[in-house]
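J.: here are the coordinates; sequence isn't available:
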């Protein structure tokens with residue numbers, strides 16, 4: 001069974017986190033929501049979410065995919081966390097899926113894994129990428145990026161496709177009428 005770890009910090013973008021978690025869980029991917037600063041995390045729209053675990057208590061070796069939702073304050077906190085950046089580098093170098101949406105790809109830039117990679121990001125932030133793309137969701141090797149809250153369903157479905165294949169992604173797409 002595939003396992004995903006979704007990282008949240010205060011200020012996370014709720015739509016991106018919840019929609020992605022829902023899509024992954026519908027597909028049967030064991031999905032853990034992890035707060036990097038504690039058990040309760042508050043989103044950009046002040047929606048509070050209890051995480052399944054604190055990042056310090058999660059064993060990253062047990063996951064196949066790392067997901068980073070956007071949200072300016074959340075992304076800023078992640079960029080300043082050297083242990084988190086090292087975790088991202090380890091996921092990437094191990095060939096595991098690293099996925100980021102909205103401003104989340106900035107964390108991947110800071111971790112150094114988007115160098116010379118095709119990627120997308122929230123519109124207007126493209127200057128931060130080496131090879132920006134206009135598509136809503138972009139895959140380059142084991143990195144998946146997406147543009148923002150309105151692309152969260154496609155982002156989640158692409159993660160499912162990469163982890164479990166097109167038939168499973170198509171099944172979930174049909175079930176949710178996407």
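T.: Thanks, I have it. Since the structure is predicted, the reported quantities are computational estimates derived from the model, not experimental observations.
J.: what sits up against the host helix or strand of residue 34?
T.: In the assignment (DSSP states H and E), residue 34 maps to strand 30-35. Here strand 30-35 makes contact (CB atoms under 8 Å, 6 or more residues apart in numbering) with 1-9, 17, 21, 24-25, 41, 49, 51-55, 58, 63. C-beta here means a position set from N, CA and C on the backbone, and glycine is covered the same way.
J.: quick one: the helices in the protein, in order.
T.: Shown for the chain, the helices assigned by DSSP state H span residues 14-26, 72-79, 82-93, 105-111, 152-164, 166-176.
J.: in the third one, which residues are buried?
T.: Burial within helix 82-93, assessed by neighbour count using 16 or more other CB atoms under 10 Å, is assigned to 84, 85, 87, 88, 91, 92.
J.: excluding its backbone neighbours, what's nearest the second one?
T.: Distances taken as CB to CB, 6 or more residues apart in numbering put residue 111 closest to residue 85, at 4.5 Å, once the chain neighbours are dropped.
J.: isn't that neighbour up against residue 81?
T.: No. The pair residue 111 / residue 81 is not scored as a contact, 10.2 Å apart, by CB atoms under 8 Å.
J.: more crowded one of those two?
T.: residue 111 (24 against 18; other CB atoms under 10 Å).
J.: what residue is smack in the middle of this protein?
T.: residue 67 (2.5 Å; CA atoms, centre = their mean).
J.: right, and it touches residue 99 too?
T.: Yes. Judged on CB under 8 Å, residue 67 makes contact with residue 99 at a distance of 4.8 Å.
J.: run the chain-centre distance for the worst-scoring helix or strand of the chain on mean pLDDT.
T.: When the helices and strands of the chain are scored by mean pLDDT, DSSP states H and E, strand 53-54 comes last with a mean of 92. With CA atoms, centre = their mean, to the nearest Å as the basis, strand 53-54 stands 16 Å off its chain's centre.
J.: so what strands line up beside it?
T.: Paired neighbours of strand 53-54 in the sheet (DSSP bridges): strand 30-35 (parallel).
J.: quick check: residue 160 touching residue 24?
T.: Yes. Contact criterion CB under 8 Å: residue 160 and residue 24 qualify, at 6.6 Å.
J.: burial count for residue 18?
T.: 19.
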